[in-house]
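> need coordinates for the below:
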Amino acid sequence: MGKRERPLWEPSQDRVEHANLTRFARMAVHDWGLKRNTYPAFYEWTVEQPERFWQSVWKFGAVRASEQGSRVVADADRMPGARFFPDARLNFAENLLRLRDDTEAMVFWGEDKVVRRLSHRELYDAVARLAQALHAAGVGPGDRVGAYLPNMPEAVIGMLATASLGAIWSSCSPDFGVQGVLDRFGQIEPKVLIAADGYWYNGRAIDSLEKVREIVARLPTVERVVVVPYLADAPDVASVSKAATLPDFVADAAPGRIDFAQVPFNHPLYILYSSGTTGVPKCIVHGTGGVLLKHLSEHLLHADVKHGDRLFYFTTCGWMMWNWLASGLACGATLLLYDGSPFVRGGRILFDLADAERMTHFGTSAKYIDKCNKDGLRPIETHRLEHLRTIMSTGSPLVAEGFDYVYRAVKRDVCLSSISGGTDIVGCFVLGNPILPVWRGEIQCRALGLKVEVFGEGGRPVRGEKGELVCTKPFPSMPVHFWNDPDGSKYRAAYFEKYPGVWCHGDWCELTAHDGMIIYGRSDATLNPGGVRIGTAEIYRQVERLEEVAESLVIGQDWDNDVRVVLFVKLREGLALDDALVAKIKAQIRANTTPRHVPAKVVQVADIPRTKSGKIVELAVRNVVHGQPVKNVEALANPEALEHYRHRAELAS
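From the prediction side, this is the model:
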């Protein structure tokens with residue numbers, strides 16, 4: 001896979017000439033006296049001279065700051081521990097609210113039920129009013145604002161208002177169950193909760209207020225609840241403790257100039273969450289300047305987002321791609337927001353959005369592309385897509401057949417950018433490039449400024465063979481720290497345990513002859529159905545509340561170019577799994593997590609394999625299910641238990 005005589009797409013000379021990346025490279029050549037005439041050589045400069053590269057990104061992205069400082073990197077040899085722009089003072093929201101005119105800042109479609117438009121002036125004024133109201137409610141630097149919102153304008157407004165004050169934003173999507181929200185917000189103790197009254201999904205109105213009531217009752221630190229009207233113009237919030245609707249909350253605030261709090265480069269901006277494989281999700285704290293610089297480099301240089309472009313990514317507020325999308329405002333792009341099912345109107349609605357709103361960048365998941373292919377959709381015949389320059393795919397690896405489908409059935413002259421990174425860096429390690437060809441089944445290139453390599457056996461760099469995706473030098477969007485991790489031990493264990501001083505990301509991949517990347521999936525036990533990362537512990541916590549279940553084990557089974565969740569259950573003595581119990585298990589998981597967590601298969605087993613220290617061994621079971629050898633069987637306390645998982649008829653269909 002990944003090797004063809006000719007690429008699927010090559011940029012025209014005109015596109016190369018007018019790309020932001022071309023302008024950036026010329027600026028860097030001039031500023032630093034470079035003698036780099038090829039893209040590979042230019043990439044090497046960005047990782048050999050990270051101080052100069054990130055200084056150039058700051059300049060090219062026209063970062064607004066009260067102070068830049070003369071130092072670009074302090075402790076550059078420490079990984080982790082390097083500090084970028086340690087003397088800088090800036091505000092994230094100020095950099096996204098550069099415009100204050102009547103051009104469109106955001107267009108929102110709530111399925112085919114709601115369409116709203118906000119100009120940059122309206123966005124600025126809405127942020128100003130909410131920031132005043134939050135400040136009056138006692139929110140200041142370092143306080144947390146939690147959001148339980150659909151992907152609607154108020155989510156972006158809330159984030160910007162929070163960031164303008166130097167406070168910390170953290171969001172979940174409303175398809176999360178109560179326990180899933182509490183597992184996250186319960187750790188970070190927000191002062192304010194912003195939630196919608198509900199949302200639309202697949203044509204159905206789904207009320208959120210009952211879950212909001214329960215969440216608030218179990219989050220004692222929440223002092224104010226702000227309910228955003230969505231399903232109703234004036235939702236009744238009387239039964240929600242400490243609640244007011246958004247219009248009432250901001251009633252005493254007037255539009256005006258925002259006083260943007262100037263904070264250090266590493267001042268916390270976002271708290272995002274790990275998948276929760278080994279317990280409650282880890283709270284990953286990301287810094288103001290690191291997020292801004294990383295997103296500017298990805299939007300401007302890799303995605304070629306220009307002033308006036310129309311940027312779209314199909315995402316929820318529970319996924320880092322929402323944070324990535326919001327940053328498009330810093331490039332002067334109009335954000336196209338969509339919330340709901342992508343399969344409304346027979347799967348055509350996102351392409352309808354692309355045509356109606358002159359979309360230039362279409363971001364989605366590999367699973368969505370695969371489903372469009374299987375459903376026989378041919379937008380190339382039904383839609384104009386005349387403004388569309390770039391299609392981006394992430395969440396899970398885009399298979400070679402997905403590349404074929406896009407160029408055959410969506411649009412021929414488009415840069416298809418498969419991208420991959422993570423919540424851990426709120427950005428990408430490998431991604432697209434407007435001036436490079438697209439090769440079938442390959443991600444185009446490594447991220448500029450990130451020394452990404454593939455380590456084979458013994459921790460040595462390899463090319464043309466599979467290994468671990470690593471990054472061997474510091475970069476600005478590494479987490480500032482984990483929440484409630486005072487000595488940094490959880491942080492170091494998450495990324496630096498396997499190769500000390502080197503970030504090991506947990507992706508199994510291959511660096512190709514074209515200097516691109518093929519990712520084969522996660523190298524750990526994290527589940528990834530439909531491109532959504534799911535931690536096994538989140539499922540265990542729900543299943544094992546059921547009195548019928550003694551123990552459980554969950555894996556991701558490779559299935560139909562995706563991953564499906566398979567749950568194995570060891571039941572109480574004398575019980576047998578029947579349809580009613582399967583339904584009860586699935587209902588328990590769905591009610592307290594998200595629909596993505598619900599297993600495709602539930603299978604009864606007689607025993608759960610464990611290590612001698614008592615840990616269940618998901619990876620060993622996954623290997624058995626896939627017919628692969630199991631390493632370190634001697635580490636198991638009961639290796640005979642693996643036989644219960646071999647050649648299971650239930651997993652053949």
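
> low pLDDT regions in the chain?
The chain contains residues with pLDDT under 70 at 1-4, 275-279, 521-522, 524-526, 533, 535, 611-615, 631-635.

> residue furthest from the geometric center of it?
G574 (43.4 Å; Cα atoms, centre = their mean).

> got the contact list for that one?
For G574, the contact set (Cβ atoms under 8 Å, 6 or more residues apart in numbering) is empty. Every residue, glycine included, has its C-beta placed from N, CA and C.

> likewise P150?
By Cβ under 8 Å, 6+ apart, P150 lies in contact with 110, 173-174, 196, 199, 230, 316-317, 339-340.

> can you check E544 too?
Listed by Cβ under 8 Å, 6+ apart, the contact set of E544 reads 551-552.

> and it, how far from V569?
E544 sits 9 Å away from V569, going by Cβ to Cβ, to the nearest Å.

> what's the overlap in contacts for these two?
Joint contacts of E544 and V569 (Cβ under 8 Å, 6+ apart) are 551-552.

> so who does the closest residue to A366 other than its chain neighbours touch?
Excluding the flanking residues, the one nearest A366 by Cβ to Cβ, 6 or more residues apart in numbering is L398, at 4.2 Å. Neighbouring residues of L398 by Cβ under 8 Å, 6+ apart: 366, 369, 418, 441.

> ok so, going back, present the contacts of P150 as a markdown table; the columns should include secondary structure.
As requested, these are exported to a markdown table (DSSP: H, G, I helix; E, B strand; the rest coil):
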| residue | secondary structure |
| --- | --- |
| G110 | strand |
| S173 | coil |
| P174 | coil |
| A196 | strand |
| Y199 | strand |
| Y230 | coil |
| T316 | coil |
| C317 | coil |
| D339 | strand |
| G340 | coil |
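
> from these, pick the one nearest A537.
Taking Cβ to Cβ as the measure, A537 lies nearest S173 of those, at 19.3 Å.

> how many residues are close by that closest one?
Neighbours of S173 under the rule other Cβ atoms under 10 Å: 22.

> name the SS class of P150, please.
coil.

> state the distance from it to L193.
Counting by Cβ to Cβ, the gap from P150 to L193 is 15 Å.

> any idea how far the longest helix seen in the chain is from the middle of the chain?
Scanning the chain for the helix with the most residues, using DSSP state H, yields helix 120-136. Centre-to-centre, helix 120-136 and its host chain are 26 Å apart (Cα atoms, centre = their mean, to the nearest Å).

> and stretch 310-327, by the same measure?
Centre-to-centre, stretch 310-327 and its host chain are 8 Å apart (Cα atoms, centre = their mean).

> what residues of it count as buried?
Neighbour counts using 16 or more other Cβ atoms under 10 Å place 310-327 of stretch 310-327 among the buried residues.

> now stretch 60-69
By neighbour count on 16+ other Cβ under 10 Å, the buried set for stretch 60-69 is 60-61, 63-65, 68.

> okay, and which of those residues map to helices?
Using DSSP H, the members of the buried residues of stretch 60-69 that fall within helices are F60.

> nearest to V344, of the buried residues of stretch 60-69?
Nearest to V344, judged by Cβ to Cβ, of these is G61 at 35.8 Å.

> wait, that closest one sits on L300?
Yes. Using Cβ atoms under 8 Å, G61 is in contact with L300, at 6.2 Å.

> show me the common contact partners of the two, please.
Common contacts of G61 and L300 (Cβ under 8 Å, 6+ apart): C331.

> residue boundaries of the strands in the stretch 551-653 of the chain?
Remark: strands assigned in the stretch 551-653 of the chain by DSSP state E, counting those that start in this stretch are 562-571, 601-604.

> so which of the buried residues of stretch 310-327 are in strands?
Judged by DSSP state E, the buried residues of stretch 310-327 include 310-313 as members of strands.

> pick the one among those residues closest to G146.
Using Cβ to Cβ, Y313 comes nearest to G146 of these, at 22.1 Å.

> contact partners for the closest one?
Counting by Cβ under 8 Å, 6+ apart, Y313 makes contact with 321-322, 324-325, 361, 363-364, 392.

> how about a cut-off of 7 Å?
Shown in contact with Y313 (Cβ atoms under 7 Å, 6 or more residues apart in numbering): 321, 324-325, 363.

> what's the most distant pair in those residues?
Greatest spacing in the contacts of Y313, by Cβ to Cβ: W324 and G363 (8.5 Å).

> list the contacts of R545.
Neighbour list for R545: Q588 [criterion: Cβ under 7 Å, 6+ apart].

> state whether it is indeed within a strand.
No. Read with three-state DSSP, R545 is coil and lies in no strand.

> for it, give its distance to V305.
Distance, R545 to V305, by Cβ to Cβ: 45 Å.

> likewise for C283?
C283 sits 29 Å away from V305, going by Cβ to Cβ.

> same check on I585?
44 Å.

> higher neighbour count, these two?
Neighbour comparison, I585 and V305: the larger count goes to V305, with 27 against 23 (by other Cβ under 10 Å).

> isn't the more buried one up against H299?
Yes. Checked against Cβ atoms under 7 Å, the pair V305 and H299 is within contact range at 4.3 Å.

> shared neighbours, these two?
Counting by Cβ under 7 Å, 6+ apart, the contacts common to V305 and H299 are 328, 331.

> let's see which of the contacts of L398 end up in helices.
When the contacts of L398 are checked against helices (DSSP H), the matches are 366, 369.

> any idea which of the contacts of L398 has the most stuff around it?
S418 (28 neighbours).

> you'd agree that one is up against G441?
No. Under the criterion of Cβ under 7 Å, S418 makes no contact with G441, lying 8.6 Å away.

> helix, strand or coil for the closest residue to K466 other than its chain neighbours?
Distance criterion Cβ to Cβ, 6+ apart; nearest residue to K466, sequence neighbours excluded, is E510 at 5.1 Å. For E510, the assignment made with three-state DSSP gives strand.

> just to check, E510 is in contact with I518?
Yes. Here E510 reaches I518: they are 4.7 Å apart, a contact under Cβ under 7 Å.

> show me the residue at the heart of this protein, geometrically.
With distances taken as Cα atoms, centre = their mean, the residue of the chain nearest its centroid is M320 (2.6 Å).

> was I right about that one contacting I271?
No. Using Cβ under 7 Å, M320 is not in contact with I271, being 11.5 Å away.

> can you give me the helices in the stretch 201-350 of the chain?
Using DSSP state H, counting those that start in this stretch, the helices found in the stretch 201-350 of the chain span residues 209-217, 246-249, 288-296, 320-326, 349-356.

> count of neighbours near the closest residue to L246 other than its chain neighbours?
Leaving aside its chain neighbours, L246 sits nearest to V228 (5.0 Å; criterion: Cβ to Cβ, 6+ apart). If you count neighbours by other Cβ under 10 Å, V228 ends up with 25.

> who does V228 bridge with?
With DSSP bridges applied, V228 shows beta-bridge pairing to A196.

> for D558, the count of nearby residues, please.
12.

> ok, now V569?
V569 has 25 neighbours, counted by other Cβ under 10 Å.

> roughly how far does it sit from T22?
Counting by Cβ to Cβ, the gap from V569 to T22 is 56 Å.

> got it, and G421?
G421 sits 24 Å away from T22, going by Cβ to Cβ.

> tell me which of the two has more neighbours.
G421 (25 against 16).

> which of the three states applies to the more buried one?
Using three-state DSSP, the structure places G421 in strand.

> not counting sequence-adjacent ones, nearest residue to it?
Take G421 and drop its neighbours on the chain: the residue closest to it by Cβ to Cβ, 6+ apart is C428, 3.5 Å away.

> hang on, isn't that neighbour packed against I419?
Yes. At 4.9 Å, C428 counts as touching I419 under the criterion of Cβ under 7 Å.

> looking at this, the residue nearest to A366 is in a helix?
No. Counting by three-state DSSP, L398 is not part of a helix but coil.

> how much space between it and T390?
As judged by Cβ to Cβ, L398 and T390 stand 14 Å apart.

> from P379, how far off is the closest residue to H267 other than its chain neighbours?
Spatial nearest neighbour of H267, chain neighbours left out: T288 (4.9 Å); criterion: Cβ to Cβ, 6+ apart. The spacing between T288 and P379, counted by Cβ to Cβ, is 39 Å.
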